[in-house]
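Chemist: Model the structure of this input:
(one chain, ligands or ions: 1)
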Amino acid sequence: MTYTVGHYLAERLTQIGLKHHFAVAGDYNLVLLDQLIEQGGTKQIYDCNELNCSFAAEGYARANGAAAAVITFSVGAISAMNGLGGAYAENLPILVISGAPNSNDHGSGHVLHHTIGTTEYSYQMEMAKHVTCAAESITSAETAPAKIDHVIRTMLREKKPAYLEIACNISAAPCVRPGPVSSLHAHPRPDEASLKAALDESLGFLTKANKVAILVGTKLRAAEALKETIELADKLGCPVTVMAAAKSYFPETHPGFRGVYWGDVSSPGAQEIIEGADAVICLAPVWNDYSSGGWKSIVRGEKVLEVDPDRVTVNGKTFDGFRLKEFVKALTEKAPKKSAALTGAYKPVMLPKADPAKPLSNDEMTRQINELVDGNTTLFAETGDSWFNAVRMHLPEGAKVETEMQWGHIGWSVPSMFGNATASPERKHVLMVGDGSFQLTAQEVAQMVRYELPVIIFLVNNHGYVIEIAIHDGPYNYIQNWDYAALMQCFNQGVPGEESGKYGLGLHATTGAELAEAIAKAKKNTRGPTLIECKLDRTDCTKTLVEWGKAVAAANSRKPQSV
Ligand SMILES: Cc1ncc(Cn2nnc(CCOP(=O)(O)OP(=O)(O)O)c2C)c(N)n1
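Modeler: Residues are numbered from 1 along each chain as shown. Purely as a prediction, here's the structure:
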């Protein structure tokens with residue numbers, strides 16, 4: 001068998017740990033898809049469309065560390081741009097690979113199908129450059145290895161997405177074989193002088209402080225320093241809070257854990273700890289309009305030691321030339337004990353059990369889902385009140401929560417959980433998604449039926465865009481109602497001649513008792529997804545959503561600066 005450009009790509013994807021890659025066929029990528037299958041190493045998983053394909057890769061990367069999606073030129077790739085944007089915003093290394101026009105067409109004056117009808121095809125590459133850390137176009141086998149290695153090495157180092165387009169007549173062209181994968185993982189060595197200076201300045205800052213606290217931020221997982229953060233918290237003995245988008249990045253059973261800090265909508269006691277501290281160690285925070293509650297709560301300034309993925313800022317000075325992980329390890333070695341602010345025990349908000357015969361409430365639904373979440377569960381929470389329901393849950397050790405609070409593309413959670421469940425079949429997967437979001441990517445549940453993923457989907461049918469209603473209401477926030485549970489009947493048609501793909505289960509829950517019964521059935525459905533449609537009153541949402549929504553609306557309505 002001739003070793004080809006497509007084989008090279010497949011071997012590199014396998015070497016970096018991808019057991020699967022996602023794909024949607026298109027005539028520009030069919031030969032490439034054949035090469036990837038022929039080389040093996042990563043199994044080809046199909047999606048209903050390229051938006052879902054790119055989000056499935058994003059979800060796979062959340063569990064696996066990296067991922068790949070293969071789509072066709074222009075009509076496919078431009079849909080997948082949304083997944084690239086989301087992966088960029090959420091710091092996830094996915095590689096989107098687009099089939100591309102025959103290398104002979106460039107400069108030929110040919111107008112090609114699936115393009116915008118001009119004779120220039122570089123517009124896609126130009127678009128991709130804005131939402132990736134590396135982007136390359138392969139039009140010859142000779143240059144393919146360097147370009148493939150460049151985009152993979154860069155995405156792994158930067159924890160950002162990358163883009164590759166391969167001319168359709170080059171995928172099966174003969175190619176040299178790759179060397180060791182270690183060259184793709186190389187990181188620059190830390191600058192010791194800067195690391196020491198940052199450490200000395202930070203120790204001086206902490207030694208003077210009495211009430212020290214840690215705030216775990218959004219980018220800490222991408223900085224690969226979750227374990228190191230626990231070690232720092234153990235050494236300091238101080239309270240630890242997490243930002244909403246970092247929920248589950250720090251174990252909630254840890255003696256120092258004190259809830260979620262989200263300004264005025266923080267967990268009880270968390271706001272006082274952070275805003276009352278005289279030294280806050282902020283680890284990889286992202287302060288956007290959502291996380292700061294409409295710019296009202298940003299933790300920054302002279303009381304803050306801010307540790308970003310590649311920079312430390314403290315006492316009005318800034319230091320770089322090393323990674324967050326290296327700095328946190330060095331700080332832990334010399335950090336003083338600072339347990340003065342750790343008073344009392346953490347008291348999570350435990351929701352009371354409702355009367356099972358009463359109409360299902362948001363609190364009762366959240367209470368039962370929280371009970372379902374164990375140490376081996378990955379809980380996906382979609383944009384909407386699902387965010388606030390996940391944030392208020394109390395997690396057992398090992399539980400993970402996945403959100404997309406920076407990009408916030410409604411519907412992201414369905415394909416992303418599909419990808420995540422594909423990457424981590426040993427874990428349980430639970431999704432909370434509103435009816436509005438679900439309508440954007442609902443068809444990907446059919447792929448969960450096809451691949452027999454035993455995930456549980458809580459479809460929160462509160463009849464509209466409740467998060468938008470909380471921010472700013474209008475007729476545009478009300479949607480066509482579906483019989484969401486009945487979709488499973490539609491998706492269960494299976495693959496002709498095959499036994500698989502027929503085990504989706506759709507259930508309705510209008511009371512606490514019906515929900516409990518549905519969850520019991522879902523736990524027994526091991527050969528496919530279970531969608532439980534939870535009927536809630538539109539006004540029944542968390543108070544934190546309403547309060548936060550008002551703050552975001554106020555931020556959106558700021559008057560233009562008068563010149
Ligand atoms: C692709 C995309 N288009 C529009 C929006 C704006 N948006 N954000 N949240 C929503 C509504 C979410 O409604 P649901 O999923 O029903 O969730 P709830 O808020 O819990 O009712 C919209 C329409 C968005 N965030 N992403």
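Chemist: Could you list the contact residues of the stretch 401-550 of the chain toward the ligand?
Modeler: Neighbours of the ligand within the stretch 401-550 of the chain, by C-beta under 6 Å from any ligand atom: 408-410, 434-437, 460, 462, 465-468. Just so you know, the C-beta spots here come from the backbone N, C-alpha and C atoms, and that holds for glycine as well.
Chemist: Give me the subset of these that lies in strands.
Modeler: 434, 460 (DSSP state E).
Chemist: If you rank the residues of the stretch 401-550 of the chain next to the ligand by neighbours, which is first?
Modeler: Greatest neighbour count in these, by other C-beta atoms under 10 Å, goes to G434: 29 neighbours.
Chemist: For this protein, name the helix or strand with the lowest mean pLDDT.
Modeler: Across the helices and strands of the chain, mean confidence by mean pLDDT, DSSP states H and E is lowest for helix 466-471: a mean of 90.
Chemist: name the helices or strands packed onto that one?
Modeler: Helices and strands touching helix 466-471, by 3 or more C-beta pairs under 8 Å, 6 or more residues apart in numbering; DSSP states H and E, are helix 543-556.
Chemist: which residues sit against the helix it packs on?
Modeler: 262-265, 289-290, 293-296, 385, 387-388, 391-392, 466-467, 470-472 (C-beta atoms under 8 Å, 6 or more residues apart in numbering).
Chemist: Quick check: P560 vs the ligand, distance?
Modeler: 23 Å (C-beta to the nearest ligand atom, to the nearest Å).
Chemist: Check the gap between the residue of the stretch 1-150 of the chain found nearest the ligand and N104 for me.
Modeler: Across the stretch 1-150 of the chain, the shortest distance to the ligand (C-beta to the nearest ligand atom) belongs to N82, at 7.6 Å. To N104, N82 is 31 Å away according to C-beta to C-beta, to the nearest Å.
Chemist: Comparing those two, which residue is more hemmed in?
Modeler: N82 (20 against 11).
Chemist: Just to be sure, the more buried one is in a helix?
Modeler: Yes: counting by DSSP: H, G, I helix; E, B strand; the rest coil, N82 is part of a helix.
Chemist: Please parse the chain into its domains.
Modeler: Listed domain ranges for the chain are 5-185, 192-341, 362-544 (source: automatic domain parsing).
Chemist: about what we covered before: name the residues that touch the least confident helix or strand of the chain?
Modeler: So helix 466-471 is in contact with 383-385, 434, 436, 476-477, 538, 541, 545-546, 548-550, 552-553, 556, going by C-beta under 8 Å, 6+ apart.
Chemist: try it again with 7 Å
Modeler: Identification of contacts with helix 466-471 by C-beta atoms under 7 Å, 6 or more residues apart in numbering yields 383-385, 434, 477, 538, 541, 545-546, 549, 552-553.
Chemist: May I see the buried residues of the helix or strand following it?
Modeler: Using DSSP states H and E, the helix or strand that follows helix 466-471 in sequence is helix 487-491. Neighbour-count burial for helix 487-491, counted by 16 or more other C-beta atoms under 10 Å, picks out 487-488, 491.
Chemist: after helix 487-491 comes which helix or strand?
Modeler: strand 505-509.
Chemist: Tell me the spatial nearest neighbour of L220, not counting adjacent residues.
Modeler: Leaving aside its chain neighbours, L220 sits nearest to A284 (4.3 Å; criterion: C-beta to C-beta, 6 or more residues apart in numbering).
Chemist: What distance do you get for the one you found to K325?
Modeler: The value you get for A284 to K325, if C-beta to C-beta is used, is 10 Å.
Chemist: For those two, indicate the residue with more neighbours.
Modeler: A284 (25 against 20).
Chemist: For that one, report the pLDDT, please.
Modeler: pLDDT, A284: 98.
Chemist: part of a strand, is F458?
Modeler: Yes: the assignment for F458 is a strand, going by three-state DSSP.
Chemist: separation between it and G237?
Modeler: F458 is 38 Å from G237, by C-beta to C-beta.
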